[in-house]
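Enquirer: I need the structure of the sequence given here:
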Amino acid sequence: MIAVNNEPGCWPTRDQELMLRAALLQRQVALESWNEWRRTVNIDVIDYGSHRMIPQLYRNLHRYGVKDPLMERLKGVYRYYLYKNKILMYRIGTLLAGFEEAGITTMVLKGAALIQLYYRDSGLRPMLDADVLVHVHQAEQAMGLLTRLRWNPLSYSRPQLRIPIQHSTPFEDDGGRHVDLHWHLFWECFNANDDGDYWENAVPIQIGGVQTLALNPTDQLLHTCWHGARWNEVPPIRWVADAMAIMGQSAEEIDWTALLKKAQKHHIIMPLRDSLEYLKKTFDAPVPDTLLKSLSAVRISKIELENYEVTLNPMAPPTTTKILRQLYYDYRWLSSSTSSRFKSLAFARHLQAKWDIDRLWQVPLYISIRMIKRVLNAKSGTPLRN
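Expert: Sure, this is the predicted structure:
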């Protein structure tokens, strides 16, 4: 049985932390953590995030000569993910070849890029899906190509309508494999549409014999920490291993000054600060103390802090005031990358997508109905979930 996440935040629990230490650290600490994890955790009932760490746990224990009846089961999990990833990577290669032939420039994100650059073993880094970034001006063309290649859009029948207000949309093939098509690297943060620098400084890689791009080590670490520092129904402990792999392989190539500046540009100081402090404290990651001091010195507005708290615990029942402040924050980050002429329309379309409303004209009506219900429920003492 594999459980989903019922904990707020993105930070590992004690059991998850023991597993990470056993999978990522050197001999003495790794073996001590393994022995404690082995005594206290029932492997038949672990969360999915921990299950996805089993391949690295197996490799590290095998490296240190651990003899345990459980090792064969861990090896079986490694082989399972190796098989699944090889099929997915083949499909990604075929898809990238189609993009290349159509003249669409691509960049692979997250798992596919991390495997090629840092893990170098398809079985070590499980992937739930593939993530491919294209330039925003080629997004609609890429969607059409995906459809012709028999990848079907999920959730939205007309995904092209999401381009001005979102950052990505999912597609699925006949075998149930997923690919997320991205046209922006970040979302829900300021200047999210400003991707030029990430494209210019990307590094070339090959997947399935097809040339594509990946983020450089600095941008890869920023993206990993920002993406990891949020709640997910799958406990997001995978980001810890990814960040440690990036720093373990490319610490000397990371431009810490640029990392700070980009976090400031996107107003994502808090997730970067908290992630790097956690990695340094818990796993002795090679993060400069001067960077942590600089991150701590950046002034954070109250509304940014509130938004960060929502990303860490989105299941908490919101008050009416918090809902309104969250909507205001959504408007602020969305309008930071939208021309003045289209700000109101873009925000209305954002709400339409966020609340899954059929028609744009229904957005004001929906807001009015929600406010009336909230007032009535407040009087009766019944909470209304957002």
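Enquirer: look at residue 155 and report its pLDDT.
Expert: pLDDT for residue 155: 72.
Enquirer: now do the SS call for residue 125.
Expert: Secondary structure assignment for residue 125 (DSSP: H, G, I helix; E, B strand; the rest coil): coil.
Enquirer: neighbours of the nearest residue to it once chain neighbours are set aside, how many?
Expert: Once flanking residues are discounted, residue 125 sits nearest to residue 119: 4.6 Å by Cβ to Cβ, 6 or more residues apart in numbering. Bear in mind the C-beta positions are built from the backbone N, C-alpha and C, glycine included. A total of 19 residues lie near residue 119 under the criterion other Cβ atoms under 10 Å.
Enquirer: go ahead and confirm residue 119 touches residue 245.
Expert: Yes: using Cβ atoms under 8 Å, residue 119 is in contact with residue 245, at 6.2 Å.
Enquirer: list the contacts of stretch 281-298.
Expert: When contacts are defined by Cβ atoms under 8 Å, 6 or more residues apart in numbering, stretch 281-298 is touched by residues 17, 20-21, 24-25, 240, 243-244, 247, 251, 256, 259-260, 263-264, 269, 272-273, 276-277, 279-280.
Enquirer: buried set for that stretch?
Expert: Neighbour-count burial for stretch 281-298 flags 283, 285, 287, 291, 292, 294, 295 (criterion: 16 or more other Cβ atoms under 10 Å).
Enquirer: same thing with stretch 318-332?
Expert: Across stretch 318-332, burial judged by 16+ other Cβ under 10 Å covers 318, 322, 323, 325, 326, 329, 330, 331, 332.
Enquirer: distance from it to the middle of the chain?
Expert: Relative to the centre of its chain, stretch 318-332 is centred 23 Å away, using Cα atoms, centre = their mean, to the nearest Å.
Enquirer: same question, stretch 105-114
Expert: Distance, centroid of stretch 105-114 to centroid of chain: 12 Å (Cα atoms, centre = their mean).
Enquirer: now do stretch 210-227
Expert: Worked out by Cα atoms, centre = their mean, stretch 210-227 lies 11 Å from the chain centre.
Enquirer: in the lengthiest helix in the chain, what counts as buried?
Expert: Ranked by residue count and defined by DSSP state H, the top helix of the chain is helix 71-101. Of the residues in helix 71-101, 74-75, 77-78, 81, 84-85, 88-89, 91-93, 95-99 count as buried by neighbour count, 16+ other Cβ under 10 Å.
Enquirer: got the domain ranges for the chain?
Expert: According to automatic domain parsing, the chain comprises the domains 2-78, 79-302, 317-380.
Enquirer: need phi/psi at the residue nearest to residue 125.
Expert: Residue 119 adopts backbone torsions of phi -80, psi -40, taken as degrees, to the nearest 10.
Enquirer: same question, residue 178
Expert: Phi and psi for residue 178, reported as degrees, to the nearest 10, are phi -110, psi 150.
Enquirer: to residue 311, which of the domains of the chain lies closest?
Expert: Closest to residue 311 of the domains of the chain is domain 79-302 (Cβ to Cβ; 4.2 Å).
Enquirer: on that earlier part again, next SSE downstream of the longest helix of the chain?
Expert: Going down the chain from helix 71-101, the next helix or strand is strand 106-109, by DSSP states H and E.
Enquirer: who are the packing partners of that next one?
Expert: Helices and strands touching strand 106-109, by 3 or more Cβ pairs under 8 Å, 6 or more residues apart in numbering; DSSP states H and E, are helix 71-101, strand 130-134, strand 210-214.
Enquirer: again, 7 Å this time
Expert: Under the contact definition 3 or more Cβ pairs under 7 Å, 6 or more residues apart in numbering; DSSP states H and E, strand 106-109 sits against strand 130-134, strand 210-214.
Enquirer: quick one, which of those strands is packed in tightest?
Expert: strand 130-134 (a mean of 24; mean count of other Cβ atoms under 10 Å).
Enquirer: that strand pairs with which strands, parallel or anti?
Expert: Strand pairing for strand 130-134, using DSSP bridges, gives strand 106-109 (antiparallel), strand 178-182 (parallel).
Enquirer: which parts of the chain are strands?
Expert: Using DSSP state E, the strands found in the chain span residues 2-3, 46-47, 106-109, 130-134, 152-153, 168-172, 178-182, 203-207, 210-214.
Enquirer: so how far is the fourth one from its chain's centroid?
Expert: Its chain's C-alpha centre and that of strand 130-134 lie 12 Å apart, by Cα atoms, centre = their mean.
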